[in-house]
Structure formats: C-alpha cells, structure tokens
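Student: I'd like to go over a predicted model; first the sequence, then the structure.
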Amino acid sequence: MSKTKVVLGVVAGAATGALLGVLFAPARGAVTRRSILRKGERQVDDLKHSFNEFIDSITDKFDKVKEEVVDFAEEAMNSAEAVEKEVKASKVK
C-alpha cells in the first residue's frame, strides 16, 4: 500500500468522522459551528506557533553553520598567508 493511499484514507476517515460528528451532535447547529470554528482557530494558532519555532530553529542552525564557515575560511586565509610569507622568505635567502 502506497503512502499516498494511506494519507488519503486517513484524510477521508477524518472528514467522514467530522461529518458524522456534526450530524449527530447533541448541540444546535450554530453552537456546533461556533465550537468547530474555535477549535479550528486554536489549531491554526498552534500550527503557526509550531511553524515559527521551526523557522527560528532552522535560522539559528543556519547562523551557527555560517559562523563556522566564516571562521574556517578566515583560518584558511590566515594559514595560506602564513605559508605564502614563509615561501617568500625562503626564496629571499
């Protein structure tokens, strides 16, 4: 069974469950819709919060890697300059 079929099955099952829940809900339609709307808003807020945390985490990791690359490049340039000076000094002698 492919992952796509599994995901579609889960989505279809969730949609069917939500529809049956609304149809057989003990509360009036307006109350149920308001409740669904609030839950949806909370889910969206949670998703936004999780996404922002993910972006912050990725940004922090990127900044750390960038700093390490810059430090490595500076060390390499310093080493190359030192070797160049040694080579020039040895040629002069």
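Tutor: It's in.

Student: Work out the gap between the helix or strand bottoming out on mean pLDDT in the chain and the centre of the chain.
Tutor: Every helix and strand of the chain was ranked by mean pLDDT, DSSP states H and E. The lowest is helix 3-23, at a mean of 82. Counting by Cα atoms, centre = their mean, to the nearest Å, helix 3-23 is centred 25 Å from the centre of its parent chain.

Student: The following helix or strand past that helix vs helix 3-23, what angle?
Tutor: Once helix 3-23 ends, the next helix or strand along the chain (criterion: DSSP states H and E) is helix 29-92. For helix 29-92 against helix 3-23, the angle between stretch directions is 150 degrees (axes from the mean of the first three to the mean of the last three Cα atoms, to 10 degrees).

Student: From residue 47, how far off is the residue nearest the centre of the chain?
Tutor: For the chain, residue 54 is the residue whose C-alpha lies nearest the centre (Cα atoms, centre = their mean; 3.8 Å). According to Cβ to Cβ, to the nearest Å, residue 54 and residue 47 sit 10 Å apart. Glycine gets a C-beta too; all of them are placed from N, C-alpha and C.

Student: Check residue 7 too.
Tutor: From residue 7 to residue 47 the distance is 17 Å (Cβ to Cβ).

Student: about what we covered before: which pLDDT does the model give the residue nearest to the centre of the chain?
Tutor: Listed pLDDT for residue 54 reads 93.

Student: For stretch 52-70, list every residue counted as buried.
Tutor: For stretch 52-70, a neighbour-count test (16 or more other Cβ atoms under 10 Å) marks nothing as buried.

Student: in this structure, what spans have low per-residue confidence?
Tutor: For the chain, the stretches flagged by pLDDT under 70 are 1, 27, 92-93.

Student: Since that was my last question, I'll sign off now.
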